[in-house]
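> Any chance you can model this:
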Amino acid sequence: MNGIITLITASVVCIWIVLRSKAVCGIDTGTTDPNCEVDCACCKDRDCGPNGYWPTGNCKSGCIDGYRGHRCIRKCDYPECTECPDFSYICTKCKAGYYPGSSYNCSSKCPTSCKSCTSSTYCTECIDEYYNANGFNDCRYRYCPLLCKCEHNACVSCESGYYGTSSSCISKCPSTCDDCSSQDTCSTCKEGKYNGYEFDIIERLLLNNCTHECRDHCITCSSYNNCLQCMPGKYGTRCQNDCSVGCENKICQIGSGNCKCKNNFFGHNCTDCVSGKFGTSCEKTCPIFCKNKRCDKSSGNCLDGCLVKTIVGETCNTCVNGSYGDICNVSCPPNCKDDKCSRDSGECSYGCKDNFSGEKCNSCKDGTKREPETQKSEDSKHTAIVVMGVIIALLLVVVISLIAVIAVWKRQSTDRSPKDAGVSFENKTSSSIVGHSRNEDSYSGDISKTSEYEKIESIQDIRS
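The predicted model follows:
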């Protein structure tokens, strides 16, 4: 009875060995790959030779993945195996993403974020972007991909120039795009490009991959006829206008042309010069005697007239006739012809009046030195003295006549009756007045003759 039990047990073990090892009587019965029999094709590095126990030779460095045996001509029994021992029906190493499992056939999958694992909860290596942390070894934590913008470890948008959140934004936009959703659809164009109809003509080609070019002088545009940013020095929806030369760095607002002014300029568009300056670049200074320091930007002519009345001219650089000096407040020499003299020196500009000579016409032609201004002063003094003498004489005559009349009246009033006195006084007064008038006429005649004589003498002195 014991012998029967032993035989049955041996038979079961033998059957199990056959099923597990694919071997019969010590011979491996696994599937043979005929391609591996030529040129050591399934040996690592194709390195094999007749060395070793087997007369046909061995693979000196072992087998490539998925093969076994001394010449590596037999496949492993399971497709996901990479290593399996001879004379066995098990896998000792699996392809990436699988592990042997309880059946040792590499049919068990690793977690999706694992590159390799030993069980469903222990990853030995994570795929890119995932990592182990906080005591967990199943690669549950994820880095945000390099080109992604993530929320809660999920890629929700791509960095500029890339698209495809489902593939970690590894796809690159066309070179004309800054942002896109595909190779044919750009949401933002690079400088100088736009989406839409070519030249804004609806009959032309419609493209959304930023192929069309903006106008000349336009940096960015939303369409051919609508520029958003012009090159320095230009403004307008088509960049057709020039910024003012007074704009700093030649930059102005695209709609109005307004800008920040350089030195010496002012105004919204910086087209005017500040007070006291003129010229294309407002680099010149207005004439010093311009009123309010305002002058025309092009010509420099004073806009509000001159600072003082003695200075005239469009640029306030000329003295009024008959004056000279820095502010034209000095009179020209009296004997200058046409009362014209140099503003700086006072020398007569057009020569002298008759009989005078010299740069300032203060000499007679015969060489006699003369000071016209001094002579004129002396003549004025002489005339004043004569006039005062005449006035004083007249006053004395009037006073004497009044005294005489009063004396006569008093004398007669004591000797006569009021009536006679009145008649007598009237006659006396009339006679006195008549006599006084004759005397006065005689005196005036004498004075007039004297004045005429003096004038004649003066004229003769001058001529001599």
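> Any stretches of this structure with poor pLDDT?
Scanning the chain for pLDDT under 70 picks out the ranges 1-29, 51-56, 367-382, 414-464.
> residue ranges of the helices in it, please?
With helices called from DSSP state H, the chain shows them at 2-21, 372-415, 418-463.
> just how off-centre is the second one within its chain?
On the basis of C-alpha atoms, centre = their mean, to the nearest Å, the separation between the geometric centre of helix 372-415 and that of its chain is 87 Å.
> Report all helices and strands that that helix contacts.
Counting contacts by 3 or more C-beta pairs under 8 Å, 6 or more residues apart in numbering; DSSP states H and E, helix 372-415 is packed against helix 418-463. (Glycine included, C-beta is placed from N, CA and C.)
> how far away is the closest residue to L307 other than its chain neighbours from A133?
Closest residue to L307 apart from its sequence neighbours, by C-beta to C-beta, 6 or more residues apart in numbering: F289 at 4.5 Å. Separation of F289 from A133 (C-beta to C-beta, to the nearest Å): 86 Å.
> now do Y194
Taking C-beta to C-beta, one finds Y194 at 47 Å from A133.
> Which one of these two is surrounded by more residues?
Between Y194 and A133, counting by other C-beta atoms under 10 Å, Y194 is the more crowded of the two (28 against 9).
> Show me the beta-bridge partners of the more buried one.
H212 (DSSP bridges).
> if we can go back for a sec, what's the neighbour count on the residue nearest to L307?
So F289, with other C-beta under 10 Å, has 22 neighbours.
> does it really touch V308, like I thought?
Yes: with contacts counted by C-beta atoms under 8 Å, F289 reaches V308, the gap being 6.9 Å.
> shared neighbours of these two, which are they?
Taking C-beta atoms under 8 Å, 6 or more residues apart in numbering as the contact rule, F289 and V308 both touch I327.
> what's near enough to touch the nearest residue to T92 once chain neighbours are set aside?
Computed as C-beta to C-beta, 6+ apart, the closest residue to T92 that is not its neighbour in sequence is E83, at 4.9 Å. Going by C-beta under 8 Å, 6+ apart, E83 touches D65, R68, C76, C91, T92, K93.
> Any chance of a markdown table for these, columns neighbour count?
What follows is the contacts of E83, written out as a markdown table (neighbours: other C-beta atoms under 10 Å):
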| residue | neighbour count |
| --- | --- |
| D65 | 13 |
| R68 | 23 |
| C76 | 26 |
| C91 | 26 |
| T92 | 14 |
| K93 | 16 |
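> In strands, which of those residues fall?
R68, K93 (DSSP state E).
> Closest one of the contacts of E83 to S116?
K93 (9.6 Å; C-beta to C-beta).
> Looking at strand pairing, list the partners for the nearest residue to I219 once chain neighbours are set aside.
Nearest residue to I219, sequence neighbours excluded (C-beta to C-beta, 6+ apart): Q229, at 4.3 Å. Here Q229 sits in beta bridges with T220, going by DSSP bridges.
> State the phi and psi torsions of P111.
Here is the backbone geometry of P111 (degrees, to the nearest 10): phi -50, psi 150.
> so it touches S120, yeah?
Yes: counting by C-beta under 8 Å, P111 touches S120, with 6.5 Å between them.
> what sits in contact with each of these two?
D138.
> Between those two, which is the more surrounded one?
P111 (19 against 14).
> what separates the closest residue to that one other than its chain neighbours from T124, distance-wise?
Using C-beta to C-beta, 6+ apart and skipping residues adjacent in sequence, the residue nearest P111 is D138, 5.0 Å away. Distance of D138 to T124, given as C-beta to C-beta: 11 Å.
> what sits in contact with each of the two?
Common neighbours of D138 and T124 (criterion: C-beta under 8 Å, 6+ apart): C114.
> which residues does the residue nearest to L307 contact?
F289 neighbours (C-beta under 8 Å, 6+ apart): C302, C306, L307, V308, I311, C316, N317, I327.
> Let's have these in TSV, adding neighbour count.
Shown next, in TSV, are the contacts of F289 (neighbours: other C-beta under 10 Å):
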residue	neighbour count
C302	24
C306	21
L307	17
V308	14
I311	26
C316	21
N317	15
I327	13
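> What is the nearest of those residues to S103?
Distance to S103 across those (C-beta to C-beta) is lowest for C302, with 109.2 Å.
> Just confirm the closest one contacts K293, I think it does.
No: applying C-beta under 8 Å as the test, C302 and K293 come out as separate, 9.2 Å apart.
> hey, what's in contact with both of the two?
Between them, C302 and K293 share the contacting residues C286, judged by C-beta under 8 Å, 6+ apart.
> so the residue nearest to I219 makes contact with I254?
Yes: counting by C-beta under 8 Å, Q229 does reach I254; the two are 6.8 Å apart.
> who's more crowded, these two?
I254 (18 against 13).
> could you measure the closest residue to that one other than its chain neighbours against L228, distance?
With C-beta to C-beta, 6+ apart as the criterion, I254 has its nearest non-adjacent residue at 5.0 Å, and that residue is Y235. Going from Y235 to L228 by C-beta to C-beta gives 12 Å.
> Report the set of residues contacting both of those two.
By C-beta under 8 Å, 6+ apart, the residues touching both Y235 and L228 are I254.
> So the two - more neighbours on which side?
Shown here are Y235 and L228; by other C-beta under 10 Å, Y235 has more neighbours (26 against 14).
> For the more buried one, give me its contacts.
Shown in contact with Y235 (C-beta under 8 Å, 6+ apart): N241, D242, C243, C252, Q253, I254, G255, S256, G257.
> Just give the closest residue to K293, not the sequence neighbours.
Distance criterion C-beta to C-beta, 6+ apart; nearest residue to K293, sequence neighbours excluded, is G276 at 4.2 Å.
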